[in-house]
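**Q** This is the structure alone, sequence omitted:
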């Protein structure tokens with residue numbers, strides 16, 4: 001399928017009502033058609049994996065085309081340079097999250113970029129660093145605990161960043177690490193307690209919200225099983 005055909009298909013699925021709803025959820029409404037994620041997944045399944053198509057879709061600048069690019073790209077063909085270039089283009093949390101959890105976390109550069117981007121000045125690139133951490137915890141089943149333990153000092157270091165899309169991603173990464181197994185749960189809970197002691201309202205929110213979930217009876221029971 002050609003990029004032009006897909007862009008026409010996306011435009012035909014356009015919904016002004018959905019676009020207005022997206023704006024309410026803090027999604028950038030520029031260059032957006034309002035096509036749902038399930039509809040994009042269906043197109044991705046029909047299209048199949050195609051690196052060249054993914055690059056063309058990204059270049060279009062259309063919101064949904066960029067999410068779709070992350071769904072159809074081939075992780076083994078993605079370079080570190082491509083990841084950096086796409087991250088610079090992130091202008092909405094949903095594009096950031098979808099691309100990180102559908103594509104970037106499956107590349108050979110995922111752990112490296114999670115560390116690199118975690119201290120970036122740009123809000124969405126920094127968010128991408130922590131979204132990658134969260135996605136890797138869920139998707140990289142064979143990784144050792146050590147990989148995720150290395151994220152914890154980074155999470156603590158950046159936990160005073162009060163920008164909405166950053167602090168939520170930091171909190172997400174911390175919670176996901178603590179939900180993987182009992183060993184990581186203990187380590188993430190200890191990190192959260194350390195973060196609680198920082199002179200920052202944002203850091204205290206990140207920590208207390210994470211601890212509420214990680215130390216809950218329900219979570220402990222699930223991890224012990």
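**A** Happy to help now that I have it. This one's a predicted model, so the numbers in the text were calculated from it and none came from an experiment.
**Q** tell me which strands and helices the helix or strand hosting residue 99 is in contact with?
**A** Element membership for residue 99 (DSSP states H and E) is helix 93-102. If contacts are counted by 3 or more Cβ pairs under 8 Å, 6 or more residues apart in numbering; DSSP states H and E, helix 93-102 sits against helix 63-72, helix 123-139. C-beta coordinates here come from the backbone N, C-alpha and C atoms, glycine included.
**Q** elements contacting the longest one?
**A** What that stands for is helix 123-139. Packed against helix 123-139 by the contact rule (3+ Cβ pairs under 8 Å, 6+ apart) you find helix 80-89, helix 93-102, helix 110-117, helix 145-149, helix 152-158, helix 164-178.
**Q** chain center to the helix or strand of the chain with the lowest mean pLDDT, what's the gap?
**A** One helix or strand of the chain scores below all others by mean pLDDT, DSSP states H and E: helix 16-24, with a mean of 81. Distance, stretch centre to chain centre, for helix 16-24: 21 Å (Cα atoms, centre = their mean, to the nearest Å).
**Q** Can you tell me what sits against that helix?
**A** Helix 16-24 is contacted from outside by 29, 32, 33, 34, 35, 36, 94, using Cβ atoms under 8 Å, 6 or more residues apart in numbering.
**Q** Give me the distance between the helix holding residue 99 and the centre of its chain.
**A** Worked out by Cα atoms, centre = their mean, helix 93-102 lies 5 Å from the chain centre.
**Q** can you give me the angle that helix makes with helix 80-89?
**A** Using axes from the mean of the first three to the mean of the last three Cα atoms, to 10 degrees, one finds that helix 93-102 and helix 80-89 are set 160 degrees apart in direction.
**Q** Specify which member of the contacts of helix 16-24 is nearest to residue 141.
**A** residue 94 (25.2 Å; Cβ to Cβ).
**Q** Roughly how far does that closest one sit from residue 33?
**A** 13 Å (Cβ to Cβ, to the nearest Å).
**Q** Next: residue 117.
**A** Counting by Cβ to Cβ - residue 117 and residue 33 are separated by 28 Å.
**Q** These two: who's more crowded?
**A** Counted by other Cβ atoms under 10 Å, residue 117 and residue 33 do not tie: residue 117 has more neighbours, with 24 against 20.
**Q** which ones are touching that one?
**A** By Cβ under 8 Å, 6+ apart, the contact set of residue 117 is 87, 125, 126, 128, 129, 132.
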